[in-house]
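>>> quick one: sequence and predicted model below, then my questions.
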Amino acid sequence: QVQLVESGGGLVQAGGSLRLSCAASGRTFSRYVMGWFRQAPGKEREFVAAIRWSGGTPDYADSVKGRFAISRDNAKNTVYLQMNSLKPEDTAVYYCAADYTWGSRRTDDYDYWGQGTQVTVSS
């Protein structure tokens, strides 16, 4: 079992930056693939980024590549999402999720979810 709690959301102007954190509980955190998803009003939840338990090359959605960076600190049971050059279209609730296997961007494949944190980017 893994429990996830996101933090760091807020209101920021276009072009600004935010860093989201996701604190995980559970002894096997380091074995999970950690991902970030987001859901804008009226839209489906979509993949943003993911990172393996060992680190390595992350996976990013094309819409955030070059602007967002995912990282993890297994010693702190925490995964981060650094978001730079934010755009109004990045406005959404951001969710942290855990999956035992690498390679999927589908929400159905992720086993554990946080409650989400709101990110609002003003123009």
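Right, received. Where do you want to start?
>>> for Gly8, which residues are in contact?
18-21, 117 (C-beta atoms under 8 Å, 6 or more residues apart in numbering). Just so you know, the C-beta spots here come from the backbone N, C-alpha and C atoms, and that holds for glycine as well.
>>> farthest-separated two in those residues?
Arg19 and Thr117 (11.2 Å; C-beta to C-beta).
>>> among those two, which residue is more densely surrounded?
Thr117 (22 against 13; other C-beta atoms under 10 Å).
>>> how close does the more buried one get to Lys43?
17 Å (C-beta to C-beta, to the nearest Å).
>>> got it, and Tyr80?
Distance of Tyr80 to Lys43, computed by C-beta to C-beta: 24 Å.
>>> what of Cys22?
From Cys22 to Lys43 the distance is 21 Å (C-beta to C-beta).
>>> who has more neighbours out of those two?
Cys22 (26 against 9).
>>> OK, contacts around the more buried one?
4-7, 34, 36, 78-81, 96, 114.
>>> tabulate the residues you listed (CSV), appending neighbour count, distance to Pro58 and pLDDT.
Listed next are the contacts of Cys22 as CSV, based on neighbours: other C-beta atoms under 10 Å; distance: C-beta to C-beta, whole Å; pLDDT from 0 to 100:
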residue, neighbour count, distance to Pro58, pLDDT
Leu4, 23, 18, 95
Val5, 14, 21, 96
Glu6, 22, 18, 97
Ser7, 14, 20, 97
Met34, 30, 10, 93
Trp36, 27, 10, 98
Thr78, 18, 15, 93
Val79, 29, 10, 95
Tyr80, 20, 11, 97
Leu81, 27, 10, 98
Cys96, 29, 14, 97
Gly114, 21, 18, 97
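>>> among those residues, name the ones in helices.
Among these, no member falls in helices (DSSP state H).
>>> what two of those residues are the furthest from one another?
Farthest pair in the contacts of Cys22 (C-beta to C-beta) is Ser7 and Met34. Separation: 14.8 Å.
>>> I appreciate the help and will end here.
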